[in-house]
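K.L.:
Can you look at this prediction? I've put the sequence above it.
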Amino acid sequence: MRRLRPTVAGTLLLIGLLVGTGAATAQKGGRLSRTQKELQEVQRELAEERRRAQEAGRREGALARELERVEGLLRGKGAELKRLEARVAAGSREVAALTRQLATTERRLQRTERFLGERLRALYKQGRLGTVRVLLTAGTAEEVARRVKYLAAIAVQDRDLAARHRAALADLTGQREVVRTRISALEEQRRKLQDTRQDIASEQWRQRILLAKVREERQGHLTA
């Protein structure tokens, strides 16, 4: 019995060591499991953050492309606006010049009409026999010849005056038509100019909205 005691004691000691080692191993395994879980959680968070960043980048990229398109459209509209403004200014000057020319033609026509009216009144006073009376009252043949030349010159003058009146009247009619056409074209250019200005204002408003969205996306990404 005395010889068996050391063996039993050694066995008990060995069992205690094995149990202690197993507990330590289990405790270490628990710590490793928690570390792995924490690492996996961090990895998931990083993956989610990357996904959010990529999504925000895509949205911001789409907004940036749309903003670039609007800016290009605004540049084109701005150039068109300058062309239209130049055309309207040139058209306004042309209409003003044509209007002055039309007024000059009207005044010239009025003078011609007044002179023709005076000639008609004079001929009416003379009556249908006025020319014959002028010739018959001449005392000599030379006087008759002079009066014939005078009457012929007056007749030529009257014909020229009537021809100038007809030409001035036709010119006036043509000028009025040109002025009406130019005014109509000018009004059309002004309408286009106004429409372009409204388009620019609308696109500028759209640009401001897009800029605000881009800033919001960037701010949201930074604070996420």
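P.N.:
That came in fine, so what should we check first?

K.L.:
what about the nearest residue to Thr196 once chain neighbours are set aside, which helix or strand?
P.N.:
Closest residue to Thr196 apart from its sequence neighbours, by CB to CB, 6 or more residues apart in numbering: Leu81 at 5.0 Å. From N, CA and C alone the C-beta is placed, and that goes for glycine too. Per DSSP states H and E: Leu81 is located in helix 4-126.

K.L.:
who does the helix or strand hosting Asp171 touch, helix- and strand-wise?
P.N.:
Assigned by DSSP H and E, Asp171 belongs to helix 141-223. Judged by 3 or more CB pairs under 8 Å, 6 or more residues apart in numbering; DSSP states H and E, the packing partners of helix 141-223 are helix 4-126, helix 130-136.

K.L.:
Report how many residues lie close to His165.
P.N.:
17 (other CB atoms under 10 Å).

K.L.:
Would you check that it makes contact with Glu113?
P.N.:
Yes. Counting by CB atoms under 8 Å, Glu113 is a contact partner of His165 at 6.8 Å.

K.L.:
From what I see, the residue nearest to Thr196 and Ile200 are in contact.
P.N.:
Yes. In terms of CB under 8 Å, Leu81 counts as a neighbour of Ile200; the distance is 6.5 Å.

K.L.:
Compare the mean pLDDT across the helices and strands packed on helix 141-223 and name the weakest.
P.N.:
The minimum mean pLDDT among the helices and strands packed on helix 141-223 belongs to helix 130-136 (a mean of 59).

K.L.:
Distance of Arg114 relative to Leu161?
P.N.:
As judged by CB to CB, to the nearest Å, Arg114 and Leu161 stand 11 Å apart.
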